[in-house]
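> give me the fold of what follows.
(chains A, B, C and D)
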There are 2 protein chains.
Amino acid sequence: MRVQGSEAGLAQAVIRRFNILRPLSVEAIAALEQAILEGLFRAGAGEDLTAEGEPVDSVRLLLSGWLFRHKTLEDGRRQIVNFVLPGETCDAYAYLLKTLDHSVTTATSVAYAEIKRARFEKLIASDRSLAEAFMCETLLGSAIQREWAINLGRRAALERVAHLFCEVYERLRPVGLVDGNSCSFPVTQMDLADATGLSVVHLNRTIQELRASGLITLRERTLTINDLDALKNAALVSPNYLQAYRRD
Amino acid sequence: MRVQGSEAGLAQAVIRRFNILRPLSVEAIAALEQAILEGLFRAGAGEDLTAEGEPVDSVRLLLSGWLFRHKTLEDGRRQIVNFVLPGETCDAYAYLLKTLDHSVTTATSVAYAEIKRARFEKLIASDRSLAEAFMCETLLGSAIQREWAINLGRRAALERVAHLFCEVYERLRPVGLVDGNSCSFPVTQMDLADATGLSVVHLNRTIQELRASGLITLRERTLTINDLDALKNAALVSPNYLQAYRRD
DNA sequence: TTCCGGCATTTCAATAGGTTAATCGAATGC
DNA sequence: GCATTCGATTAACCTATTGAAATGCCGGAA
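So this is what the prediction gives:
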């Protein structure tokens, strides 16, 4: 759905995030904002933005709401391979590949900006820092993806879930989407199970355990981390993979 | 170790691979080859090329041999998050991030080319296709990483191992490193366990099972896939994620 | 030749996590 | 108001995978 009317402020998460990745000049920010405002869209929860096997010809920037990147096996087993959180880029440069290897689906209702390939290439050609910021976005996505690999491959259930909570919290923080020690967490247990590679039943057991230990509160789609250090400890969080989110 | 003397042919895997990612002009190929020959190195098996937490200031192209990308938890649990195979790029653009989030270690003795950041940037600025090829390299790495996520999260032991075998075979094929239905597979069972998120014991059992079913032969560091279709079937291989390896 | 170390293999007991299915509450549609 | 659906929760049972430890194998060093 194409967005009508004034939407000032929507681009804030993106700009904030990009500014952390690379310090941007005033002109670069204006150019980015301009490109965003030219192609604003909204979608409801549970809609596919792109499906595995399709070609893509544009870049999307998520302004608000959450997306899932996921893949499904023939027999229906599904793995959410990553979340896309507000301010993050959906598929920078993906038009270079023939087709997408995974699907992207809205977890909530979302607002996003769509920048067509030609427009995007003009944009990054116009400013070096902007191009680098998009590149960082891609690299950071890869780093997160690798962390998910060790999460799925080597962490036990409790550690996995705890880790995911920590990661989401730390990814939301720099764009201003955490409120004290709470943040939105609009994900069903089924989705959470598919993100952590667990069964729904065991995921539920695991969440109970985290609740019982007092580390987190999770209700009404809101996650509260009662003791971040303790949670990170329980999750065996790696120190380096989200570094680029921090300013020097 | 800096390589001395004539090393013609070493760059073949890289050039072959890049040419598949993007058709390259004669000049681009020459420039790439030139850059490679300027910084040839070798290393023995088991050496760290870069360690987690270090900054990187160059791009590496693997000419021969295998590398592991891996991460380790505090208590020693290790996950190999990907292999780097001949012809593949180690860390294009990684100098944009502060530090590396994972370690890269040689699995075998290797030859690689190291291109310093400034040299690399000059190289990609000189030719659009070359820049795009490096970009594709990065994107393809991400796609593979996502496939590893579903492998670790949702495939059962036998499927996981079968999938890894298929993937490696398909990644080696386009650079000319498969011989009929065989390819080199210089990975100990311990490493393979760390790559598939299994214990060594269970990995061993799983390999026995694959052998017993006649799908593969694995001995003396050589993998033979007796029936590729059957193996892919057992692995529930996804159709799209390696697409870019194929020419149109 | 012998000793040694790295790797593969086997065994066996223990368990983390999966499967199935039933229940419950809240929200939604009619 | 009632039926329906969706998500969360619980229970009972089951099995895939782990962990520890011992054994065997092979190639290299002395």
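> hey, let's count contacts and neighbours off CA atoms from now on
OK.
> what sits closest to the closest residue to DNA strand D within chain A if chain neighbours are left out?
Taking Cα to the nearest atom of the strand as the measure, chain A has residue A:189 as its residue closest to DNA strand D, at 3.4 Å. Of all residues not flanking residue A:189 in the chain, residue A:200 sits nearest, at 6.4 Å (Cα to Cα, 6 or more residues apart in numbering or on different chains).
> if I look at the one you found, how far off is residue B:151?
For residue A:200, the distance to residue B:151 (Cα to Cα, to the nearest Å) stands at 18 Å.
> low-confidence ranges in chain A?
Applying pLDDT under 70 to chain A picks out residues A:1-8, A:244-248.
> which parts of it are strands?
With DSSP state E, the ranges of strands along chain A come out as A:40-43, A:48-50, A:58-64, A:67-72, A:78-84, A:103-106, A:110-116, A:178-179, A:182-184, A:216-219, A:222-225.
> those strands into CSV, with extra columns for distance to DNA strand D and mean neighbour count?
Listed next are the strands of chain A as CSV, based on distance: least, Cα to the nearest atom of the strand, whole Å; neighbours: other Cα atoms under 10 Å in any protein chain shown:
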stretch, distance to DNA strand D, mean neighbour count
strand A:40-43, 17, 20
strand A:48-50, 15, 15
strand A:58-64, 20, 23
strand A:67-72, 14, 23
strand A:78-84, 14, 23
strand A:103-106, 12, 22
strand A:110-116, 17, 22
strand A:178-179, 20, 14
strand A:182-184, 13, 20
strand A:216-219, 8, 17
strand A:222-225, 11, 20
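> which one, of those, ends up nearest to residue A:23?
Of all these, strand A:58-64 sits nearest to residue A:23, with 18.3 Å by Cα to Cα.
> what does that closest one contact?
A:10-14, A:36, A:84-95, A:110-117, A:120 (Cα atoms under 8 Å, 6 or more residues apart in numbering or on different chains).
> so how far is it off the chain centroid?
Relative to the chain's own centre, strand A:58-64 is displaced by 11 Å; criterion: Cα atoms, centre = their mean, to the nearest Å.
> do the same with stretch A:154-163
Per Cα atoms, centre = their mean, the displacement of stretch A:154-163 from the mean C-alpha position of its chain is 19 Å.
> same deal with stretch A:168-186?
On Cα atoms, centre = their mean, the centre of stretch A:168-186 falls 12 Å from the chain's centre.
> can you give me the end-to-end distance of it?
First residue to last in stretch A:168-186 (Cα to Cα) measures 11 Å.
> okay, domains of chain A per the record?
Annotated domains of chain A cover A:12-147, A:156-245 [automatic domain parsing].
> grab the nearest non-local neighbour of residue A:14.
The shortest distance from residue A:14 to any non-neighbouring residue, by Cα to Cα, 6+ apart, is to residue A:87 (3.8 Å).
> mind listing what the one you found touches?
Residue A:87 touches A:11, A:12, A:13, A:14, A:15, A:16, A:17, A:61, A:62, A:63, A:64, A:175, counting by Cα under 8 Å, 6+ apart.
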